[in-house]
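give me a 3D structure for the following:
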Amino acid sequence: MQKQSRLTTYILVGLALGIFAGYLANTNLAKPVEFADYMSLITTLFLRLIKMIIAPLVFSTLVCGIAKMGDASEVGRIGIKTLGWFFIASVMSLSLGLVLVNLFRPGDALLGHMAATTAKSDLVVTGLTLKEFVTHLVPSSIVEGMSKNEILQIVIFSLFFGSAAAAVGEKANVMVAALDGVAHVMLKVTGYVMQFAPIAVFAAVSGVIAKNGLGVLSTYGVFMAEFYFGIVLLWALLIFIGFVFLKGRIFGLIKELRSPALLAFSTASSEAAYPKTLEGLERFGVRNRLAAFVLPIGYSFNLDGSMMYCTFATVFIAQAYGIEMSLGQQMTMMMVLMLTSKGMAGVPRASLVVIAATLGQFNIPEAGMLLLLGIDHFLDMARSATNVIGNGVATAVVAKWEGELAAPGEVELVKAA
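The predicted structure follows:
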């Protein structure tokens, strides 16, 4: 716990120093963009180190989790409960974004100040239709899926592989034990990589501020303030629902998720926080086999912050162009986003890609994306942290339902299980 606290403190220090260094670079350097480019090398290196861990960690932990369950009916039961929770959370997140954007109407302030409708945002918006989603669901090669860190494809293969290992029984015990060893080794590698987190946070924040200046925060201050208010409400809803099931222990869970959420916030990457989130859930008392089963699925199906942003940003752009969307159209858009947002974790700049694809389906100019590109990093920080909280609460609640959540005094026994 002391190591966790120190890491959290160092990340906060890196965040503060990054803002200060970025401001100095923006105001004093002749070419602050070059400084931003150098800083991006450090950020890219760290995120690549994280992505290096993801595939073997997800595969080994998920296969072990399913194999240790043994009973295929148990896997199916937990899977149904997990997806049921994710569906409800998705509807709640999307609906909250719609309610707030219609209440605040932030796009009205930009009427008459829009970019030309022919402008391009350079986002690749293909591959997000229902057909593409279904064909993308199953990997044509698991090696290719792992090489591209396609979490959804890794999850699908791991579900089959783990279920087969459970069905084989004793003959698979050696292999399962070996994969369990791989999982523990990867968690140790995670500890090594995380030592670089404060430096990566410094580089990421200083680079963005150096390139865009502090003015980017004030220019879109109202929009960002309203979105962050929505994020706070979403956190409150998630914590309240967690309290209903976990009672007072929800606050202990949030304490365990504090460090991974801060890491996700600072790096604007949910993936960066995956290993630490898994560790935090196990310290909280969630048995490894269940945490390793639910959490990877959540990274493909339960990105609460990203989904709230999708509805909020899409209607915001429509408002900025003076396009009024009826309630029916907004409900249809919400259902489209419900489908297209699944599996977005493996897509670069995922939320922007999903939004850009949705804009075209409702005849809203794609050029509206240019409104968000400058501040997307700061918005992504909030939604990434929210994704961590949402998946952490979901995993703990499912564990509670299944009787797989240890009492506070039994946590050490859970680690050995």
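
so who does the residue nearest in space to the middle of the chain touch?
The chain has S270 as the residue nearest its centroid, 3.6 Å off, counting by C-alpha atoms, centre = their mean. Residues near S270 by C-beta atoms under 8 Å, 6 or more residues apart in numbering: 264, 299, 303, 345, 384, 387-388. (Glycine included, C-beta is placed from N, CA and C.)

just the ones of those residues in strands?
The members of the contacts of S270 all map outside strands under DSSP state E.

most neighbours of all those residues, which one?
Highest neighbour count within those: L303, with 32 neighbours (other C-beta atoms under 10 Å).

was I right about that one contacting G390?
Yes: contact criterion C-beta atoms under 8 Å: L303 and G390 qualify, at 7.4 Å.

ok, back up a step: among the contacts of S270, which has the minimum pLDDT value?
pLDDT is lowest at A345 among those; the value there is 51.

which residues does A318 contact?
Contacts of A318 by C-beta under 8 Å, 6+ apart are 107, 324-325, 362, 364, 368.

quick one: buried ones out of those residues?
Those of those that meet the buried threshold are 107, 325, 362, 364, 368, by 16 or more other C-beta atoms under 10 Å.

want to try a markdown table for these, with secondary structure, distance to A399 and pLDDT as columns?
A markdown table is the format used below for the buried ones among the contacts of A318 (DSSP: H, G, I helix; E, B strand; the rest coil; distance: C-beta to C-beta, whole Å; pLDDT from 0 to 100):
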| residue | secondary structure | distance to A399 | pLDDT |
| --- | --- | --- | --- |
| G107 | helix | 41 | 81 |
| M325 | coil | 39 | 88 |
| F362 | coil | 39 | 81 |
| I364 | coil | 41 | 84 |
| G368 | helix | 41 | 71 |
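
which pair of those spans the longest distance?
G107 and F362 (14.1 Å; C-beta to C-beta).

centre of the chain to stretch 63-83, how far?
The chain centre lies 23 Å from the centre of stretch 63-83; the measure is C-alpha atoms, centre = their mean, to the nearest Å.

in PDB, list the C-alpha atoms belonging to it.
Extracted in PDB, the C-alpha atoms of stretch 63-83 (Å, rounded to 0.1, in the frame of the first residue of the first chain):
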ATOM      1  CA  VAL A  63      -7.700 -18.600 -19.400                       C
ATOM      2  CA  CYS A  64      -6.700 -19.400 -15.800                       C
ATOM      3  CA  GLY A  65      -9.800 -17.800 -14.500                       C
ATOM      4  CA  ILE A  66     -12.100 -19.800 -16.700                       C
ATOM      5  CA  ALA A  67     -10.200 -23.100 -16.300                       C
ATOM      6  CA  LYS A  68     -10.300 -22.800 -12.500                       C
ATOM      7  CA  MET A  69     -14.100 -22.300 -12.600                       C
ATOM      8  CA  GLY A  70     -14.200 -25.700 -14.200                       C
ATOM      9  CA  ASP A  71     -18.000 -25.800 -14.800                       C
ATOM     10  CA  ALA A  72     -19.100 -24.400 -18.200                       C
ATOM     11  CA  SER A  73     -22.500 -23.500 -16.700                       C
ATOM     12  CA  GLU A  74     -20.800 -21.400 -14.100                       C
ATOM     13  CA  VAL A  75     -18.900 -19.500 -16.900                       C
ATOM     14  CA  GLY A  76     -22.100 -18.900 -18.700                       C
ATOM     15  CA  ARG A  77     -23.900 -17.800 -15.600                       C
ATOM     16  CA  ILE A  78     -21.200 -15.300 -14.700                       C
ATOM     17  CA  GLY A  79     -21.000 -14.100 -18.300                       C
ATOM     18  CA  ILE A  80     -24.700 -13.400 -18.400                       C
ATOM     19  CA  LYS A  81     -24.600 -11.400 -15.200                       C
ATOM     20  CA  THR A  82     -21.600  -9.500 -16.400                       C
ATOM     21  CA  LEU A  83     -23.100  -8.600 -19.800                       C
END
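
buried residues, that stretch. List them.
Those would be 63-69, 75, 78-79, 81-82, for stretch 63-83 by 16+ other C-beta under 10 Å.

go on, stretch 189-206?
For stretch 189-206, a neighbour-count test (16+ other C-beta under 10 Å) marks 189-190, 193-194, 197-206 as buried.

I am finished for the moment; much appreciated.
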